[in-house]
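Student: Have a look at this fold, sequence not included:
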């Protein structure tokens, strides 16, 4: 229950961080819009300043022209008064233009300071948003790793308990089935028959091998020296026996190795254990009704099972399933 509460707390913190990140992004967007409007105002003021400067230049040129006219009309009092009035008006205009320029410069400087302040605030908010996003990503990773670790531990515990239960049940089933087989006369008789047949075949093969070795070793009888004859005879005899013994052992080794490899690749799971136990139980419990030797029937059934699993494995592997 504590792990579930921790997981819920992680999810709530993650949702809060995501909502905070979205709010910060919205504030950043609004600040960018305000900064764009302030840039537009600054550009407008700069154009107004240029226009005022142009007007000042024009008025200065007019003043120069008026001064020239005043010099030309200095002999006339009326013209002098007019020039004085014009000069006075030009001065007033110049003062007005200067005051407007000063005011516009102050406004531009004020807007620049505000723009810089807003830019700094936007930069800080962006940094905070990045930090919040980084923290939320770290929380996601920590939560994911925690969940995966807890799930893996739970799976390991369940697998261990399940494996132990399967082993215990398998041992119990095998023991009960084996004791039942000991009580069945048919099972004991069939097992004795199989082992006696196997022993007879081995004895027959060994006897034939010794006879073949002795008959082939008699080829050395044509040698005149007795010592060489004995050495060659026993060398041929030993070589034939070793080759004759090695051939079936090699066949059994490689055949068993192939069967074990196929079993490990295709049948090494709980299903094979269940199939072996079920087939063993069926053969032993119904031994009296079986038409064949029960041990031979058990071996044949498991060979068929291994072949079916091998075919299914190859089929799935060929189609990428």
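Tutor: In hand now; what should we look at? In this text, all values refer to a predicted model and were calculated from it rather than measured experimentally. Numbering: from 1, shown residues only.
Student: now whichever strand or helix holds residue 93, how far from the centre of its chain.
Tutor: In the assignment (DSSP states H and E), residue 93 maps to helix 77-183. Put simply, helix 77-183 sits 26 Å off its chain's centre (C-alpha atoms, centre = their mean, to the nearest Å).
Student: packing partners for it?
Tutor: helix 2-72, helix 185-217, helix 270-285 (3 or more C-beta pairs under 8 Å, 6 or more residues apart in numbering; DSSP states H and E). Placement of C-beta: from N, CA and C, glycine included.
Student: If I take the next helix or strand after the last one and helix 185-217, what angle do their directions form?
Tutor: Note on helix 270-285: by DSSP H and E, the next helix or strand toward the C-terminus is helix 294-318. With axes from the mean of the first three to the mean of the last three C-alpha atoms, to 10 degrees as the basis, helix 294-318 and helix 185-217 are set at 80 degrees to each other.
Student: Buried residues, helix 294-318. List them.
Tutor: 294, 295, 297, 298, 301, 302, 305, 306, 309, 310 (16 or more other C-beta atoms under 10 Å).
Student: again with stretch 251-262
Tutor: residue 262.
Student: what's the model's confidence in it, averaged?
Tutor: For stretch 251-262, mean pLDDT is 86.
Student: Pipe the helices and strands packed on helix 77-183 into JSON lines and attach mean neighbour count and mean pLDDT per row.
Tutor: Below are those laid out as JSON lines (neighbours: other C-beta atoms under 10 Å; pLDDT from 0 to 100):
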{"stretch": "helix 2-72", "mean neighbour count": "13", "mean pLDDT": "69"}
{"stretch": "helix 185-217", "mean neighbour count": "13", "mean pLDDT": "84"}
{"stretch": "helix 270-285", "mean neighbour count": "16", "mean pLDDT": "80"}
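Student: Reformat those helices as CSV; add distance to residue 252.
Tutor: Formatted as CSV, those follow (distance: least, C-beta to C-beta, whole Å):
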stretch, distance to residue 252
helix 2-72, 55
helix 185-217, 12
helix 270-285, 21
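Student: how about those, which one is nearest residue 152?
Tutor: helix 2-72 (13.6 Å; C-beta to C-beta).
Student: what's the distance between residue 87 and residue 54?
Tutor: Computed with C-beta to C-beta, to the nearest Å, the distance linking residue 87 and residue 54 is 21 Å.
Student: So residue 266 versus residue 106, what's the distance?
Tutor: 89 Å.
Student: who's more crowded, these two?
Tutor: residue 266 (19 against 10; other C-beta atoms under 10 Å).
Student: residues contacting the more buried one?
Tutor: Residues near residue 266 by C-beta atoms under 8 Å, 6 or more residues apart in numbering: 306, 309, 310, 312, 313.
Student: tell me the SS of it?
Tutor: Following DSSP: H, G, I helix; E, B strand; the rest coil, residue 266 is assigned to helix.
Student: so what's it scoring on pLDDT?
Tutor: Looking at residue 266, its pLDDT reads 80.
Student: now swap in residue 246 and tell me
Tutor: On the pLDDT scale, residue 246 is placed at 90.
Student: Ok, residue 99 next?
Tutor: 80.
Student: who touches stretch 267-287?
Tutor: Taking C-beta under 8 Å, 6+ apart as the rule, stretch 267-287 contacts 166, 170, 173-174, 177, 180-181, 184, 186-187, 190, 263, 290, 294, 297-298, 301-302, 305-306, 309-310.
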